[in-house]
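everything below, folded, please.
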Amino acid sequence: MALEYLPQGSSQLSLVDHGDLPELDNAAPGYLTATPNSSNLEIEDNATAREHFGRQLLIEVIWYVRMIPYKSRACTECKKHKVRCDQSPGQSSCVRCGKYGYRCVSSNKLERIIEDDQDWKRGADTNIIQLQAAVTELLQRNGMPPLSSFPASPMEMSNRDRLRLGFAAGATKDNREGRTRETSQEPAAEQEIVSAPMRSLFEVTKLRNIRSDVPQQRTTRTPEDDLISRGALPHYVARELFSFFDRTMNHILWGGIALIHRDLESARRSSSLLCAAILAVAALHIPQGDEIFEFCYSEFVSLVSGSIICRDHNLDDIRALCIGAFWLSDLSWKLSGVAVRIATELNLHQSFHKMQRGEPDQYERAQLWYLLYVCDHHYSIAYGRPPVIHDNAAIKGYEAFLNAPTAGPADIRLMAQVALFIILTNTYHIFGSDSQQPLDEEDFTTLRAFCLEVEEWRMKWQPRIAPNPYVGSYPSKGVVLHYHFAKLQLNSLALRAILPSHQFSLDRREAANSAIASAMSTMNLVLHEPDIRNAVAHVTLFKHTMIAFAAVFLLKVVWSWNSASLNIERRQVLDLVQAVVELMSSVQASRRHLCRHIATGLSKMISRLKTKFLAQSRRDGDDTFNITTVIDDNSYGSISESVSDAFGFEDDWMLTSSIDPFCFSIT
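As a prediction, this is how the structure comes out:
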């Protein structure tokens, strides 16, 4: 027997019988007919499990109803009283049932089943429509994504769900898939005779969890369970934060390389980690944004913790870690390291060579590897620690990268940074970061050579960088700022591990005076260049670090080397640092913003210096130093954190500590 169904939308079913079953008496045309085909029943339309179940039920009913010799047209009530059952066309009940208010139920069992099924469907459709309307209304009121953006299948799980499971999710995946064998060969493994040892192990075992390259399985994600969809952050607030980041910090960070999405929803679908990083950094830079920053920051930290174990990453996850590293001071070093690790798992370190071999789709990946290089070296210099990414052929080939047809102004700005940090990294490797190791006299020849390279770097890159419509001339002025940073870092080595009583040679004195001039130029540029001054609240952590280092360097020299015949004037330094304090304290941002901590720390140092000089002048009988100029430590009393919160200095920190540009702590 074979079942044959009418097209969808028809209220009738057709079963054609050629003799295997007895004909059903009085069968309505096209209603039920039977045909023999085989002993097996084959269902040809299996759209849903419910329809499948219903059809199986109909088959059983047919075998039961086939025993009924005729089909009764009377309803149950009329048949019970043995009266005529008249039913007008289009009416759901007969005349008698309608007159007495009875429920008109067909006495035909098969017909009752069909009617009950239709009633159930109509009720279910009504309930579904009501639920959809209610959910849509709730989503709109809470500023959440539309219902269509949510997964249609319960089997789909968002990235946030996976990350929230943390170690358990990673362990489950490893237990289920990691120890299973994979039949596909790792890319290029068959052609390579010499490969990484882990790749050879994979060839032998085929275990998924030891693949040296991580398969890219996902391209988009549905933001089912981020802080916006959970209602922790209103959607309109998230949009404003995203727009603020896109207009400011995104263009400070080399013209939009770290954020390629133009709207919040696109970023949310791509990476929950990226969305959380943007919201946290943006909240850090808005006044009265402390509460928003706290739960955005907590969300970001939670996602980062889960992502360390997870192997399922995309490029936007790496961008998120970079954004966090550039602006979140307490996480910067760790985030940059995690980002580099994930990037190497995705083989970003090979993208430049692949692009040179004619693979244009590698441009974005190579660009991101250069961004990671700069991020890594920002904090290698700032923390005085060895960099993770080395200056190999791919890094030194930045000019070849700029020749790509897709390279633009943002890439020029980024490559200028790459070129500078190649110079500074060479300096780090030659002179080291041992704060107790002074430079020998023969080292100054090498030091002058590095200073000359920095001069050439400025002359090469400053004319190549165009203004930005969002931040004005900041990109080209930023080259000048980094030039002064670099000259300060290099020449301040002349004072490393040197006592004030040390007899200065001409070379050492020249380098020390050059460092003083570079520090003064750094702060003057920040104070008096409008585009730099306007951007000071939004610049990356590295620039805040170097501004603070310039101020601290000058204060240390005034404190300890004032009698060393160096080109420095006490009053000028104090006035300049005080102006920086006022600039930093005027920044409109969250209380957690680093500028507030810099202002607090520097004001305490100035106060201590002025107290010392006042006491010294009284001993010498000089009353020209006015005590009223001493800054009260409570002038920034709204910030309760100590100086150590900003730079790692303890409250009893002495300005006589050694100067080392490669060991300047920022945490």
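
I'd say G472 and D531 touch.
Yes - counting by CB atoms under 8 Å, D531 is a contact partner of G472 at 4.3 Å. All C-beta spots, glycine's among them, are computed from the backbone N, C-alpha and C.

okay, now the unreliable bits of the stretch 251-400 of the chain?
Low-confidence segments of the stretch 251-400 of the chain, defined by pLDDT under 70, are absent.

please enumerate the strands of it.
Under the criterion DSSP state E, counting those that start in this stretch, the stretch 251-400 of the chain contains no strands.

so where do the helices sit in it?
Ranges of helices in the stretch 251-400 of the chain, per DSSP state H, counting those that start in this stretch, are 264-270, 272-284, 290-309, 315-327, 332-345, 351-356, 363-383, 393-396, 398-402.

tell me which residues of the shortest one are tucked away?
Using 16 or more other CB atoms under 10 Å as the test for burial, helix 393-396 gives A394, I395.

ok, now the longest one?
By neighbour count on 16+ other CB under 10 Å, the buried set for helix 363-383 is 363-383.

same deal with the first one?
Of the residues in helix 264-270, those with enough neighbours to count as buried (16+ other CB under 10 Å) are L264, E265, A267, R268, R269, S270.

for it, packing partners?
Secondary-structure packing of helix 264-270 (3 or more CB pairs under 8 Å, 6 or more residues apart in numbering; DSSP states H and E): helix 235-247, helix 272-284.

got the angle for the helix of greatest length in the chain vs helix 235-247?
Counting by DSSP state H, the longest helix found in the chain is helix 109-141. Computed with axes from the mean of the first three to the mean of the last three CA atoms, to 10 degrees, the direction of helix 109-141 lies at 50 degrees from that of helix 235-247.

which helices and strands does helix 109-141 pack with?
If contacts are counted by 3+ CB pairs under 8 Å, 6+ apart, helix 109-141 sits against helix 49-65.

now do the helix it packs on, average pLDDT.
The average pLDDT within helix 49-65 is 64.

format the CA atom coordinates belonging to the very next helix or strand once past it as CSV.
Once the chain leaves helix 49-65, the next helix or strand it forms, by DSSP states H and E, is helix 76-81. The C-alpha coordinates for helix 76-81 follow below in CSV (Å, rounded to 0.1, in the frame of the first residue of the first chain):
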residue,chain,number,x,y,z
THR,A,76,-23.4,12.0,17.6
GLU,A,77,-26.5,13.8,19.0
CYS,A,78,-28.7,13.2,16.0
LYS,A,79,-27.6,9.6,15.7
LYS,A,80,-28.3,9.1,19.4
HIS,A,81,-31.9,10.4,19.0
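
for the residue lying closest to V338 once chain neighbours are set aside, which residues are in contact?
Closest residue in space to V338, ignoring its immediate chain neighbours: L321 at 5.7 Å, by CB to CB, 6 or more residues apart in numbering. Residues counted as contacts of L321 (CB atoms under 8 Å, 6 or more residues apart in numbering) are L273, A277, V304, L335, S336, V338, A339, I342.

now flag whichever of those residues is closest to Q437.
Q437 lies nearest to S336 out of the contacts of L321, by CB to CB, at 26.1 Å.

what about the strands in the stretch 501-650 of the chain?
Taking DSSP E, counting those that start in this stretch, the stretch 501-650 of the chain contains no strands at all.

what stretches of it score poorly on pLDDT?
562-564, 620-650.
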